[in-house]
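Peer 1: Sequence first, predicted model second:
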Amino acid sequence: MKNRFTITFSDVNGSKHYLLHQIIKKILLYVTLFVILLIVGGSMVISVLMREVTSLEQRKKAAQEAYVVSKKKIEEEYKKLQISNKKLKDSIDKKTKEYSAIKEKVNDIEELIGLKPNINIELGDRLENINFTSKQEKVILNNIPNGAVLPRTIVNGKFGWRIHPILKKKEFHRGTDMKAKMRTPVRAPADGVVEFAGYHKRSGFGNLVIIDHNYGFRTYYGHLYKKMVVKAGEIVKKGDIIAYTGSSGLSTGPHLHYEVRFVSRALNPIYFLKWNQSNFKDIFKKEKMVPWESLVNMINYRYQIQKQQSSLVEQK
């Protein structure tokens with residue numbers, strides 16, 4: 001039998017004997033268990049950290065992919081915007097050239113028919129010096145579009161640049177849209193001749209009436225009711241019913257599209273809708289696209305000639 005070392009501990013209660021190899025076994029067992037626990041705990045911590053690292057890498061990769069996609073989309077949108085801007089610039093340049101050409105033609109026409117104003121004197125000062133009789137004012141208001149064309153003027157679409165309510169693109173709105181119930185009567189704002197009355201598909205106005213007035217003025221009435229009141233070539237007087245409101249063409253509901261033009265120039269209709277005998281001279285300062293001085297002088301001159309002719313007829 002092999003010798004075994006023993007360790008003895010003595011106290012008042014007696015002595016206890018421990019074999020040395022048993023102590024070593026226990027120490028080794030505890031150390032082994034500690035190492036195992038340390039390895040298991042470390043493995044768990046490492047596993048958790050690895051999962052976090054993997055998650056972070058996945059997030060980083062997803063963020064990078066999203067950035068690449070977003071950058072690509074931004075670059076594509078930027079290219080589209082550049083192309084759109086170029087098209088818009090080309091369109092503006094084209095329209096500017098067309099406008100310049102029309103302006104030159106209009107100036108030539110004005111000069112030809114005697115509507116060239118004196119540019120050395122302010123318009124307001126020139127017209128302030130003209131005294132109008134009530135008869136002269138009435139003659140002018142009978143020949144040039146003025147006053148309301150509907151029983152009530154409720155504007156829901158102004159003259160100028162806007163986003164088209166149906167086409168959803170920017171356009172210059174050449175008229176004024178007025179809200180009205182279906183089949184509301186539309187009256188002529190001045191004497192004239194009906195140039196067109198029917199369905200006008202190309203313009204998007206649907207049922208359309210165009211009236212030629214004296215001295216280069218023309219009015220347009222769009223989105224009318226299907227039943228036409230007047231026909232092309234018909235003479236109308238101020239206040240005559242020329243149509244009824246509808247919702248034809250590119251329309252979102254019953255209303256009237258109303259335009260006033262002078263020698264092909266689109267004018268702001270609101271000035272003419274508010275114009276009457278009580279504020280007769282206001283429009284001369286508000287609407288600067290019309291050579292009012294020469295125009296008024298021409299109308300007054302013709303009025304005087306007609307007056308003299310009537311006087312001569314009465315004398316005979």
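Peer 2: Cool, got the structure. Residues are numbered from 1 along each chain as shown.
Peer 1: now whatever helix or strand Leu49 lives in, how far from the chain's geometric center?
Peer 2: Here Leu49 sits within helix 20-112, counting by DSSP states H and E. Put simply, helix 20-112 sits 34 Å off its chain's centre (CA atoms, centre = their mean, to the nearest Å).
Peer 1: Show me what that helix is packed against.
Peer 2: strand 6-11 (3 or more CB pairs under 8 Å, 6 or more residues apart in numbering; DSSP states H and E). (Glycine included, C-beta is placed from N, CA and C.)
Peer 1: pLDDT (mean, whole number) over the strand it packs on?
Peer 2: For strand 6-11, the mean pLDDT works out to 60.
Peer 1: Give the next helix or strand downstream of the least confident helix or strand in the chain by mean pLDDT.
Peer 2: None of the helices or strands of the chain scores lower by mean pLDDT, DSSP states H and E than helix 123-128, at a mean of 53. Counting by DSSP H and E, the element after helix 123-128 in chain order, helix or strand, is helix 134-143.
Peer 1: all strands of the stretch 151-300 of the chain, in order?
Peer 2: 155-157, 160-163, 170-173, 176-179, 185-187, 192-200, 206-212, 217-222, 235-236, 241-244, 255-262, 265-267 (DSSP state E, counting those that start in this stretch).
Peer 1: Out of these, which is the most enclosed?
Peer 2: strand 255-262 (a mean of 24; mean count of other CB atoms under 10 Å).
Peer 1: who touches that one?
Peer 2: When contacts are defined by CB atoms under 8 Å, 6 or more residues apart in numbering, strand 255-262 is touched by residues 145, 149-150, 156-157, 174-180, 184, 186, 205, 216-224, 245, 247, 266-269, 272-273, 289-290.
Peer 1: Repeat that for stretch 166-173.
Peer 2: 157-164, 250-252, 266.
Peer 1: Ends of that stretch, what's the gap?
Peer 2: With CA to CA, to the nearest Å as the measure, the ends of stretch 166-173 fall 13 Å from one another.
Peer 1: What of stretch 273-280?
Peer 2: Stretch 273-280: ends 12 Å apart by CA to CA.
Peer 1: where in this protein is pLDDT low?
Peer 2: Applying pLDDT under 70 to the chain picks out residues 1-22, 96-131, 313-316.
Peer 1: and if we set it to 50?
Peer 2: 1-2, 112-114, 119, 121 (pLDDT under 50).
Peer 1: got a list of what the spatially most central residue of it touches?
Peer 2: Nearest to the mean C-alpha position of the chain, counting by CA atoms, centre = their mean, stands Ile163 at 2.3 Å. When the contact criterion is CB under 8 Å, 6+ apart, the partners of Ile163 are 169-171.
Peer 1: What's opposite it in the beta bridge?
Peer 2: Lys170 (DSSP bridges).
Peer 1: if I look at it, how far off is Leu256?
Peer 2: 20 Å (CB to CB, to the nearest Å).
Peer 1: Repeat that for Arg218.
Peer 2: In terms of CB to CB, Arg218 sits 16 Å off from Leu256.
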